[in-house]
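Visitor: Predicted model, plus sequence, below.
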Amino acid sequence: RLKKVGTSQRVESSDDVENVVAASTPISAAKPKILKIAAVPAISTKRRKGVIIRDPEDELHSDTPAKTPTVKDKGKGILIEDPKPMKKKDQVEMDAEYAKKLQEELDKEHEEAYKQIDWNVALYHVQSKEPQFDANMKFLFKIREEIEKEDEEIIKSINETSAQKAAKRRKLSKEAQEADDLRRNLEIVQDEDDDVFVEDILLA
């Protein structure tokens, strides 16, 4: 190992100057002397051949890239031959065996899942949902019929002539007039027994 060693000397003031402040000439302090000691390589009693110790800071500079050692191929590697392509007949047989094994695994999983089903719970679940399903289906059929009727009316109104439209308006206004007259002629009378009676007033 190399170590940097530096020394410094003590600066002593002269004895004849008693008062530094009162001195008219400035006193310069002596600069410390730094001794440079060259490092002497230590001589070992046992000498190794081919071993050189170098300082890594001195060896590698940022401007020179580090060389990576390359290994030369000596041709002693193990050669692996590419597998020969299989014949079509052998490939078909292997595929058939694989498909058979896969089908057996799937069947086994299916049987295990089938054994784990609690059929009483499944039947109860289906029966509890059946009335709700029936009600939903009836509702859907009813809505479907209403939509079909509306579609038919729309098609009829598109195909109507202006005379048919006017006759339809007259018929609707006449029905509305009759409904208003009927409401005016009906009168609600309370009985003493708190029963509600409706009395008709004859128009004729």
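Guide: Ah, there it is.

Visitor: Toward the C-terminus, what is the element adjacent to the one helix or strand D90 maps to?
Guide: Assigned by DSSP states H and E, D90 belongs to helix 88-116. Going down the chain from helix 88-116, the next helix or strand is helix 119-159, by DSSP H and E.

Visitor: pLDDT averaged over the helix holding D90 - what is it?
Guide: Average pLDDT, helix 88-116: 90.

Visitor: So which other helices or strands are in contact with that helix?
Guide: Under the contact definition 3 or more CB pairs under 8 Å, 6 or more residues apart in numbering; DSSP states H and E, helix 88-116 sits against no other helix or strand. Using the backbone N, CA and C atoms, a C-beta is placed for each residue, glycine as well.

Visitor: oh, and call the first residue 151 from now on, that's how I've got it
Guide: All right, first residue 151 from here; so that's helix 238-266.

Visitor: number of nearby residues for Y274?
Guide: For Y274, the count of nearby residues is 11 (other CB atoms under 10 Å).

Visitor: same question, I297
Guide: The number of residues packed near I297 is 10, by other CB under 10 Å.

Visitor: Could you do the one 5 residues further on as well?
Guide: Burial of E302, expressed as a neighbour count using other CB under 10 Å, amounts to 10.

Visitor: So, low pLDDT: which residues of the chain?
Guide: 151-202, 204-229, 337-354 (pLDDT under 70).

Visitor: Kindly recompute the last result at 90.
Guide: Counting by pLDDT under 90, the chain has low-confidence residues at 151-241, 260-283, 303-319, 330-354.

Visitor: Ramachandran coordinates for P233?
Guide: Phi and psi for P233, reported as degrees, to the nearest 10, are phi -70, psi 140.

Visitor: Check M236 too.
Guide: According to degrees, to the nearest 10, M236 has phi -80, psi 160.

Visitor: again, but for D268
Guide: Reported as degrees, to the nearest 10, the phi and psi values for D268 are phi -90, psi 100.

Visitor: Measure how buried it is and give me the count.
Guide: Going by other CB under 10 Å, the residues that sit close to D268 add up to 9.

Visitor: repeat for E310
Guide: For E310, the neighbour count with other CB under 10 Å is 13.

Visitor: P235 now?
Guide: By other CB under 10 Å, 8 other residues sit near P235.

Visitor: what about it, distance to L322?
Guide: P235 sits 85 Å away from L322, going by CB to CB, to the nearest Å.

Visitor: same question, S307
Guide: Distance from S307 to L322, by CB to CB: 13 Å.

Visitor: Could you do E303 as well?
Guide: Per CB to CB, E303 is found 13 Å from L322.

Visitor: Next, I203: secondary structure please.
Guide: Applying DSSP: H, G, I helix; E, B strand; the rest coil to I203 yields a three-state assignment of coil.

Visitor: ok now do it, which residues does it touch?
Guide: With contacts defined as CB atoms under 8 Å, 6 or more residues apart in numbering, I203 has no neighbours.
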